[in-house]
Structures are given as structure tokens and as C-alpha cells.
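Trainee: Give me a 3D structure for the following:
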Amino acid sequence: MLHFPLVRLSGAAALALSLAACMDISMEVEVLSQSEAKGTMATTVGADIYQMLAAQQDETDEGFCDDGELVETPETVSCVTTTSGPFDEFEMGDDGESPTIEAIGGGQVRVSFPLGGLADEIGEGVGAGEDPETLAMMASMFEGAQITLTISGGPVLDTNMELAADGNSAALTIMFTELLTGDLDLPEEAYAVVQK
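Mentor: Take a look at the predicted model:
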């Protein structure tokens, strides 16, 4: 199962929860060949939210972007991390959790993001033990915040995600509000088969 920075940040303090609510997360796996892939993960917050996070952080806290590249615009601040390598050594994030990537023959590569239990993970990290009224309030805080998963690298032959118009990538967007309220029926995995 994937683990997202939102859960780690939101567990630190109530203030972090309200700030993390303005966070978008994107993860992309690009198939480079029949044996290697590149992963890019970006966590994005508003520039004003980033300033508040930085002001509240003390030396013992995990920083917003300790291990990635900070990309700033007038409106947003993103922490971007990239990784690449052979399928059997491929990891995204700092917790060892990664999508599954495998060559399945005929020049085809199958990439899958495990989603089973994601709603429970978000609930445990953000809304554990909260009553329905509080959860509804928290869901409203997360309005518009989303996770985007993308698989690219060549013609997509099979997927349960949304296929791009050019047929060379597939994506799934997950709204945090739907995860918190339980209104989202996620498959066990989001996958795509890419031809190389």
C-alpha cells in the first residue's frame, strides 16, 4: 500500500492538519525500457501555506522537503523527488513503498499502484476516532486536495485508469474528500500495461 506525506505531516499537530489540507500529491512512473523506470513524486502546497509550515517547524520536526528539490512559483511551492533504476530496485518515497513494475513479455511492462486500504490509511492518519460531524468538517477542509497517479512511457495497451488522448499515458485522480467520507470505491490497484 502506498503511504503519502499527508499522513506523516498531519499526524504532527492540529495546525499541520489544517495546512496539509491544502496539499496536492502527484506520483508518476515513466517506463524507460523493458528493465528500467523513472519515478517522480511532487507534493505541492500554496506559497502562503509553505511559509506557515516553515514557521511552525522546529529542529526536531520532519521538514516539508528534506530529501527533494524545492520548486517555488509565486503561487505554489512543490517538493519534487525523482528516482530511476531497474525494476527490482525501484523505490518511490522514503518509506520503501513503491509501485510494482514488471516485464510481462512481448516488450510489455505492467506498472501498478497498490490502493487497497488507502482509504483506511488516510482515515487512521487524519480522522481516527472522529465522529461523523467532525469528519465532515475535516472533509470540507480538504476540498480540492487530490492525489494524482500517472503511468507513462509508451503506448498504453491495457489500464483501469483514464487513458490520455494520445494513448501514451494513463492517470487516476483521487480526491481526499472522497477518501475521508468513504464515498470512493477504489480498486485494489491502479495499473497500466505499457508497450516498449
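Trainee: Low-confidence stretches in this structure?
Mentor: 1-22, 58-62, 93-97, 117-132, 134-142, 181-183 (pLDDT under 70).
Trainee: where do the helices sit along the protein?
Mentor: Here the chain has its helices, by DSSP state H, at 5-10, 14-20, 47-56, 118-126, 132-141, 176-181.
Trainee: on contacts alone, who are the packing partners of the third one?
Mentor: Applying 3 or more Cβ pairs under 8 Å, 6 or more residues apart in numbering; DSSP states H and E, one finds that helix 47-56 contacts helix 14-20, strand 76-86. C-beta: built from backbone N, CA, C; applies to glycine.
Trainee: can you rerun that using 6 Å?
Mentor: Under the contact criterion of 3 or more Cβ pairs under 6 Å, 6 or more residues apart in numbering; DSSP states H and E, helix 47-56 touches helix 14-20.
Trainee: what separates Ala47 from Ile25, distance-wise?
Mentor: With distances taken as Cβ to Cβ, to the nearest Å, Ala47 is found 17 Å from Ile25.
Trainee: And the two? Which one has more around it.
Mentor: Ile25 (20 against 12; other Cβ atoms under 10 Å).
Trainee: which residue packs closest to that one, ignoring adjacent ones?
Mentor: Ile147 (4.8 Å; Cβ to Cβ, 6 or more residues apart in numbering).
Trainee: Any idea what that neighbour is bridged to?
Mentor: Ile25, Ile174 (DSSP bridges).
Trainee: going forward can the numbers begin at 9, since that is how I track them
Mentor: OK, 9 is where the count begins now, so the last one is Ile155.
Trainee: from memory it sits against Ile182, does it?
Mentor: Yes: using Cβ atoms under 6 Å, Ile155 makes contact with Ile182 at a distance of 4.4 Å.
Trainee: right, and Ser86 touches Ala50 too?
Mentor: Yes: using Cβ under 6 Å, Ser86 is in contact with Ala50, at 5.0 Å.
Trainee: what residues are shared contacts of these two?
Mentor: Residues touching both Ser86 and Ala50 by Cβ atoms under 6 Å, 6 or more residues apart in numbering: none at all.
Trainee: Quick one: neighbours of Glu97, just the number.
Mentor: 10.
Trainee: Just the endpoints, please. Distance across stretch 154-170?
Mentor: 16 Å (Cα to Cα, to the nearest Å).
Trainee: Buried residues, it. List them.
Mentor: Gln154, Ile155, Leu157, Thr158, Ile159, Ser160, Gly161, Gly162, Val164, Thr167, Met169 (16 or more other Cβ atoms under 10 Å).
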